[in-house]
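> Got a predicted model here, sequence first, then my questions.
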Amino acid sequence: MNRRNFIRSSGIYTAGLITMPGIAGLKAHPLNNGNAELAQHIIDRVEFIEASYYWPRLVGRNGARDIHGQYRNSFVVRIHTNQGASGWGLSRPRAQNTTELIDGKKLTELIDPVNGILDANLADFDIALFDLVGNILRKPVYQLLGANGIRQFPIYSGMVYLDELDEDGTFQGWDRVLTNCEWDYNYGYRQLKAKIGRSGRWYPHAEGLEKDIEIVKLIHDQFQDRKMDILVDANDSYSLDDTIAFLSGVKDVPIYWVEEPFYEELEKGRQLKQWMNLNGFSETLYADGEARPDHEVLGTMMEEGILDVHLVDIFGYGFSRWIHFNKNLMSRGILASPHAWGDRLKTNYTVQLAAAQGNIPTIEGVTCLSDDIDYGNYELKDGLISVSDAPGFGMKLLK
């Protein structure tokens, strides 16, 4: 079955706007209130930690932002109960001012293991609460949520940036970009997402478009005898005309998806999709929704069959909200691939969601190394990442 038919057959389009669900008003699942083991746990300590990690190489520019660097911190919360259990996950510094929302509360007042947090105000504790429940019940998160997906998923490297430019922004040749692609292949990726959008900020307009076309062709040539899908991402740096010019320039290169060519606009999206369907890109997925998403416009784009893959961030939007949103997308034949850039933790959260529900054709891979975090048993081999069967999210905080 081809990619387009898969999208259409995985659900049906229904009338009305696809909405982004909230948390308020969710009903508790019987597993929650009826589970004596969870009911015994009361939150008695909350701690916040900065865990250091780094990418395996310096990450350069994309179409919108300057050099990203290499060394980062994950701001996390670790939650403890009176029974000696704990769970942890990504949070935000603002959560330090709202610990009264969970401290001293019964776990069953805070989260339903199937539907997620019971109050939208708990969003900064969402992932840690899921990890805590999984640790107590000795189940991985995906099993708490039903285990309706598969156990291995395609994964792409999201780390192919504009690395041909030196610190001053001077072109140094393509060797470093192609070397980075080879590194990612050897690491286990069989999909690469190449940043484009050079015409928006870093080069004269016409030269930038030519460079985007050139590097995508070079990547294709480098891997044409090996299995490698190419995705492209302009980070909203293109116009509609730029996008069409780029795709026309790489017409002989199979493009798995085109991401954020320009900020989502309904009429431009219609024109792009129509052009793609008429010019040999009917199998290329159109993905959007990562940066400052206009949910109303995106909803209409999905209903009209313009947008194929929704990208809103797994952490920024919220893990619990994604549980419900993905069900909404599945019922309408829309694919999901939550944005995970920056932090390997988000990649692994997405793997758990995919194993729980399916509907995620590929996952954003963020290769990270850390002395503070054990990222767990999420094996990446031959282009596939496997879900961890360890309790919770299957990762350990080492500090």
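The structure has been received and is ready for your questions. Numbering: from 1, shown residues only.

> Which strand runs longest in this structure?
When the chain is scanned for its longest strand (criterion: DSSP state E), the result is strand 43-59.

> Look at the spatially most central residue of the chain and report its pLDDT.
Taking Cα atoms, centre = their mean as the criterion, residue 339 is the residue nearest the geometric centre of the chain, at 2.6 Å. The predicted local confidence for residue 339 comes out at a pLDDT of 98.

> Please apply the same query to the one 3 residues further on.
The pLDDT attached to residue 342 in the predicted structure is 96.

> how close does residue 309 sit to residue 337?
As defined by Cβ to Cβ, to the nearest Å, residue 309 lies at a distance of 5 Å from residue 337. Just so you know, the C-beta spots here come from the backbone N, C-alpha and C atoms, and that holds for glycine as well.

> shouldn't the residue nearest to the centre of the chain be in contact with residue 309?
No. In this structure residue 339 lies outside contact range of residue 309 using Cβ atoms under 8 Å: 10.7 Å.

> Tell me how the protein divides into domains.
The record assigns the chain these domain ranges, following automatic domain parsing: 3-11+145-397, 30-140.

> Torsion angles phi and psi at residue 190?
phi -130, psi 10 (degrees, to the nearest 10).

> show me the residues around it that make contact.
When contacts are counted by Cβ atoms under 8 Å, 6 or more residues apart in numbering, residue 190 is found next to 154, 227-229, 382-383.

> Give the buried subset of those as a PyMOL selection command.
Buried members of the contacts of residue 190, identified by 16 or more other Cβ atoms under 10 Å, are gathered into one PyMOL selection as follows:
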select buried, resi 154+228+229+383
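
> what's the lowest-pLDDT member of the contacts of residue 190?
Note: of these, the lowest pLDDT belongs to residue 227, at 90.

> quick one: the strands in the stretch 151-300 of the chain?
If you assign secondary structure with DSSP state E, counting those that start in this stretch, the strands in the stretch 151-300 of the chain sit at 152-160, 191-195, 229-233, 255-259, 285-288.

> same thing with the stretch 1-150 of the chain?
In order along the chain, the stretch 1-150 of the chain carries the following strands (DSSP E, counting those that start in this stretch): 43-59, 69-81, 86-90, 111-112, 116-117.

> Endpoints of stretch 252-272, how far apart?
End-to-end distance of stretch 252-272: 18 Å, with Cα to Cα, to the nearest Å as the criterion.

> separation between the nearest residue to residue 372 once chain neighbours are set aside and residue 88?
Taking Cβ to Cβ, 6 or more residues apart in numbering, and ignoring the residues beside it in sequence, residue 372 has residue 51 as its nearest neighbour in space, at 3.9 Å. Residue 51 sits 9 Å away from residue 88, taking Cβ to Cβ as the criterion.

> same question, residue 260
Separation of residue 260 from residue 88 (Cβ to Cβ) stands at 31 Å.

> cool, and residue 335?
Using Cβ to Cβ, one obtains 30 Å as the distance from residue 335 to residue 88.

> cool, and residue 321?
Plainly put, residue 321 is 20 Å away from residue 88 if you go by Cβ to Cβ.

> Which one's more surrounded, the two?
More neighbours surround residue 88 than the other of residue 321 and residue 88, with 25 against 20 (other Cβ atoms under 10 Å).

> That one touches residue 80, doesn't it?
No. In this structure, residue 88 is not within contact of residue 80 by Cβ under 8 Å, at 9.7 Å.

> re earlier: okay, buried residues for the longest strand of the chain please.
Taking 16+ other Cβ under 10 Å as the basis for neighbour counts, the residues of strand 43-59 that come out buried are 43, 46, 51, 53-55, 57-59.

> Make a markdown table out of these and add distance to residue 176 and pLDDT.
Conversion of those to a markdown table gives the following (distance: Cβ to Cβ, whole Å; pLDDT from 0 to 100):
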| residue | distance to residue 176 | pLDDT |
| --- | --- | --- |
| 43 | 48 | 98 |
| 46 | 43 | 98 |
| 51 | 29 | 98 |
| 53 | 22 | 98 |
| 54 | 18 | 98 |
| 55 | 14 | 98 |
| 57 | 9 | 97 |
| 58 | 10 | 97 |
| 59 | 12 | 97 |
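
> I'd like to know which of those is nearest to residue 233.
The closest of the buried residues of strand 43-59 to residue 233 turns out to be residue 59 (Cβ to Cβ; 13.4 Å).

> so what's the closest one bridging to?
Listed by DSSP bridges, the beta-bridge partners for residue 59 are residue 69.

> List the contacts of it.
For residue 59, the set of contacting residues under the criterion of Cβ under 8 Å, 6+ apart consists of 67-70, 159, 161, 163.

> Give the ChimeraX command for selecting the buried subset of those.
When burial is assessed using 16+ other Cβ under 10 Å, the buried subset of the contacts of residue 59 is captured in ChimeraX by this command:
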select :67,68,159,161,163
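
> Can you add distance to residue 276 and pLDDT and give the contacts of residue 59 back as CSV?
Written out in CSV, the entries for those read as follows (distance: Cβ to Cβ, whole Å; pLDDT from 0 to 100):
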residue, distance to residue 276, pLDDT
67, 32, 97
68, 29, 97
69, 34, 97
70, 36, 98
159, 26, 97
161, 25, 98
163, 28, 96
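
> Relative to residue 235, which of the strands of the stretch 1-150 of the chain is closest?
Proximity to residue 235, assessed across the strands of the stretch 1-150 of the chain by Cβ to Cβ, is greatest for strand 43-59 (13.2 Å).

> any idea whether the residue nearest to the centre of the chain is helix, strand or coil?
Classification of residue 339 using DSSP: H, G, I helix; E, B strand; the rest coil returns coil.

> can you count the residues close to the closest residue to residue 377 other than its chain neighbours?
In space, not counting the residues next to it along the chain, residue 377 is nearest to residue 388; the distance is 4.8 Å by Cβ to Cβ, 6+ apart. With neighbours defined by other Cβ under 10 Å, the count for residue 388 comes to 23.

> Would you check that residue 388 makes contact with residue 376?
Yes. Here residue 388 lies in contact with residue 376, judged by Cβ under 8 Å, at a distance of 4.7 Å.

> what's the overlap in contacts for these two?
348, 394-395.

> How much space separates residue 256 from residue 154?
For residue 256, the distance to residue 154 - Cβ to Cβ - is 9 Å.
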